[in-house]
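Student: Whatever this is, show me its structure:
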Amino acid sequence: MTTKSNALIFLIAWGTLIAASVRGGVYDDCVAWWHFDYDPDTDNRADLDEIRDQRDWGTTATKGSSGKHATAIRGASGGPQWIDTPEATPAGGQNYGRKSMLFQTAVQSQTNCWPDTFLVSNLQLAGDVTLVTRFRWDGYPTELEKTSWLFNTGMEWNKYFGWLFGVSSNTYPRLMFYSQKNSYQMDVPVTPGIWYDVALVVKDNSVTEPTDTVEFYLWPQNGALSYRKYTTAAITNAIGTMGCIVGCEASPTSYTGGNARKSFKGAVNHLAVWNRALSSVEVNEAFGSPQPLFHIGLKNNRSEDLRIESETDSDYLPGDPWHTMRRAVTAGSPKATIKLPLNARQAALGYFFHLRTQSAEAGKSADLRLIVNAVTNATRTAVAGQDLFWHIAPGSLVDGTNSVTLQYVSGPSSYMSFDWLELAGSWQVGYDDNNQAEFIVEGSAPDDFFVTNPNWQQLERAISSGDTNVNVHFCLSGELAEKYDFVYTTRIISQGNGGTNHAFSVDLNQTTLASFDPVPDGTLVTLPLSRGLLQKGNNMIKIRYDEDPAIGGYLQFDFHRLEILPFPRGSVLLLN
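Tutor: Model prediction:
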């Protein structure tokens with residue numbers, strides 16, 4: 001495709017609708033998720049009632065009946081402690097509840113220990129398992145044991161049940177997986193006192209492949225992601241009866257030696273578990289969750305991951321505990337307001353507010369409307385189990401704190417509860433300023449960059465004959481991906497060598513959108529992304545250098561931007 005400055009317009013009308021089940025986010029199908037953020041008596045001690053599975057949180061009086069809540073809690077001071085934690089989110093994800101659980105170990109003469117632990121007796125895991133967490137490891141409780149287990153799936157040595165995961169050392173501290181059959185240590189140091197986003201993926205391939213796998217992901221605060229994969233012939237698929245222990249290999253009720261010394265010392269912001277093996281892009285989605293701008297609740301056909309409206313205030317700030325977000329609007333509690341701080345770059349874009357309703361009075365509807373700052377949007381009539389969408393036009397939001405209010409207007413139903421909600425669809429990485437200083441020189445970072453990563457110095461500034469690809473990853477809910485079209489925009493600001501311009505292509509999810517003959521510096525490239533090419537979960541825009549590799553050269557980018565269109569239809573491609 002030959003392009004011309006200020007001239008070429010291509011009309012593209014892609015209209016295919018993906019026919020598939022959809023999800024809101026990667027956490028929707030986790031089997032347990034602890035946010036570690038509930039301390040109603042403000043005593044800074046984690047009581048048994050306070051360690052709750054966020055998937056079915058419940059009410060103040062009663063924990064949700066299906067949740068994987070703590071069933072026992074132990075420690076010399078009664079159990080772990082609550083601490084307030086800073087916004088240390090290495091991969092750019094949310095600081096869940098702005099609290100963390102602090103695990104400490106009381107040590108008696110360096111030999112006997114009484115660790116902080118909790119048990120979840122109704123969580124049994126075997127075969128494929130994924131664990132995603134954010135922790136700060138504070139070192140070993142005692143020098144007699146250079147092992148610090150965070151998670152125990154109910155290991156029983158003689159029965160070949162279960163495995164252990166944590167930090168261990170025969171040379172330096174590092175992540176470790178350990179079972180009766182095998183053990184693996186990641187060859188990347190874990191440093192005490194800093195925060196990490198961490199994942200362990202255990203895959204039992206015994207049915208389809210001759211080897212099983214153990215994968216480690218480690219993303220340090222102010223650092224870059226490290227990944228290692230190991231193969232083994234034996235991942236246990238036998239399920240024990242003990243459940244899981246968090247905080248140590250053992251869970252003693254007094255000072256003791258042996259396995260009680262192998263305890264985790266440090267803070268944990270959240271911990272999620274799946275009974276399947278997440279892919280690499282799903283792990284990155286989990287690390288960076290939520291996608292811009294916010295995503296509250298799980299798509300799980302229940303409202304209990306949020307809180308009954310009579311127990312919460314109307315205002316909610318993203319990052320606060322989900323148990324402070326109203327799960328419904330009613331005649332008596334008509335408003336649920338999200339207070340949303342944005343910068344100027346975020347506020348300039350348009351978005352969609354998407355709400356999945358959960359329940360109402362049987363067979364009845366309710367009228368709802370959305371108020372964004374001073375603008376009242378259209379009233380929608382909603383029934384249970386419905387997806388509602390409001391477009392938030394560019395210019396509706398401000399640099400600073402915004403108010404996004406969902407309001408109950410009228411019945412006949414006296415309430416409408418939520419399954420989950422999001423404000424999403426657009427993002428920008430880099431500044432629109434004809435400069436690439438915020439990015440890093442090509443070849444100095446991986447080709448793949450996830451837009452939730454707060455460190456733009458991990459995004460290559462250019463493609464070149466020696467480093468031909470830049471892959472920009474972003475995630476969409478299935479509802480937005482299937483319903484709307486999008487536009488991707490970038491600007492070519494510099495090329496070389498010797499003033500030579502170069503051919504390039506842009507792909508979406510391995511499908512070529514456009515291939516360009518050389519264009520002048522300053523060319524703004526605007527490409528439609530059809531809903532027929534977008535997908536739920538991870539999407540990838542690839543910008544590819546198309547010249548003969550023997551011809552040296554590069555193309556530098558000013559920024560990368562995705563914008564959601566206000567209605568599902570064909571769009572235009574423009575080069576200016």
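Student: where along this structure do the helices fall?
Tutor: 280-288, 344-347, 478-483 (DSSP state H).
Student: Just the buried residues of the shortest one, please?
Tutor: It stands for helix 344-347. Judged by neighbour count (16 or more other CB atoms under 10 Å), helix 344-347 contains these buried residues: Arg345, Gln346, Ala347. Any C-beta I mention is one placed from the backbone N, CA and C, and that applies to glycine too.
Student: How about residues contacting that helix?
Tutor: Here helix 344-347 makes contact (CB atoms under 8 Å, 6 or more residues apart in numbering) with Pro292, Leu293, Leu397, Val398, Asp399, Asn402, Gln428, Tyr431.
Student: Repeat the analysis, applying 7 Å as the threshold.
Tutor: Pro292, Leu293, Leu397, Val398, Asp399, Gln428 (CB atoms under 7 Å, 6 or more residues apart in numbering).
Student: if we can go back for a sec, is it possible to get TSV of the buried residues of helix 344-347 that adds distance to Ala336 and pLDDT?
Tutor: Listed next are the buried residues of helix 344-347 as TSV, based on distance: CB to CB, whole Å; pLDDT from 0 to 100:
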residue	distance to Ala336	pLDDT
Arg345	27	96
Gln346	21	97
Ala347	21	98
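Student: and the helices of the chain, which is most packed in?
Tutor: helix 280-288 (a mean of 23; mean count of other CB atoms under 10 Å).
Student: need the contact list for the residue nearest to Gln535 when sequence neighbours are not counted.
Tutor: Distances taken as CB to CB, 6 or more residues apart in numbering place Ala481 nearest to Gln535, at 5.7 Å, with adjacent residues excluded. Shown in contact with Ala481 (CB under 7 Å, 6+ apart): Arg531, Leu534, Gln535, Lys536.
Student: Return the distance of the residue nearest to the spatial centre of the chain relative to Ala91.
Tutor: In the chain, the centroid-proximal residue (CA atoms, centre = their mean) is Ser289; its distance is 2.2 Å. Plainly put, Ser289 is 9 Å away from Ala91 if you go by CB to CB, to the nearest Å.
Student: Kindly reformat the helices of the chain as CSV containing distance to Asp212.
Tutor: As requested, the helices of the chain are exported to CSV (distance: least, CB to CB, whole Å):
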stretch, distance to Asp212
helix 280-288, 17
helix 344-347, 43
helix 478-483, 30
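Student: So for Trp137, which of these sits nearest?
Tutor: Of all the helices of the chain, it is helix 280-288 that lies closest to Trp137, at 17.2 Å by CB to CB.
Student: mean confidence score for the closest one?
Tutor: Averaging pLDDT along helix 280-288 yields 97.
Student: Who are the packing partners of that helix?
Tutor: Here helix 280-288 touches strand 195-203, strand 469-476, strand 537-545, going by 3 or more CB pairs under 7 Å, 6 or more residues apart in numbering; DSSP states H and E.
Student: Phe567: neighbour count?
Tutor: Residue neighbour count, defined by other CB atoms under 10 Å, stands at 9 for Phe567.
Student: Return the set of residues that bridge with the residue lying closest to Pro220 once chain neighbours are set aside.
Tutor: Once flanking residues are discounted, Pro220 sits nearest to Tyr196: 5.3 Å by CB to CB, 6+ apart. Residues in a beta bridge with Tyr196, per DSSP bridges, are Phe135, Pro220.
Student: Then Thr489?
Tutor: In beta-bridge terms (that is, DSSP bridges), Thr489 pairs with Thr526, Arg561.
Student: pretty sure it is touching Phe557, no?
Tutor: No: between Thr489 and Phe557 there is no contact under CB atoms under 7 Å: 10.6 Å.
Student: Tell me which of those two has more neighbours.
Tutor: The neighbour count for Thr489 versus Phe557, taken as other CB under 10 Å, is higher for Phe557 (23 against 17).
Student: give the contact list for the more buried one.
Tutor: Each residue near Phe557 by CB under 7 Å, 6+ apart is listed here: Gln436, Arg461, Ala462, Thr490, Arg491, Ile492, Ile493.
Student: Kindly report the same for Pro518.
Tutor: Asn501, His502, Ala503.
Student: Top of these by number of neighbours, please.
Tutor: Going by other CB under 10 Å, His502 tops the contacts of Pro518 with 24 neighbours.
Student: how close does that one sit to Glu460?
Tutor: 15 Å.
Student: Does Tyr178 touch Gly166 like I think?
Tutor: No: between Tyr178 and Gly166 there is no contact under CB under 7 Å: 8.4 Å.
Student: Of these two, which one has the most company?
Tutor: Just comparing Tyr178 and Gly166: by other CB under 10 Å the higher neighbour count belongs to Gly166, 25 against 21.
Student: pLDDT score for that one?
Tutor: The per-residue pLDDT reported for Gly166 equals 98.
Student: partners of it in the sheet?
Tutor: According to DSSP bridges, beta-bridge pairing links Gly166 with Trp149, Met176.
Student: And for Phe103?
Tutor: Gly266.
Student: Number of residues surrounding it?
Tutor: Phe103, neighbours per other CB under 10 Å, totals 29.
Student: related to what we said a few turns ago, excluding residues flanking it in the chain, which one is nearest the residue nearest to the centre of the chain?
Tutor: Gly93 (5.1 Å).
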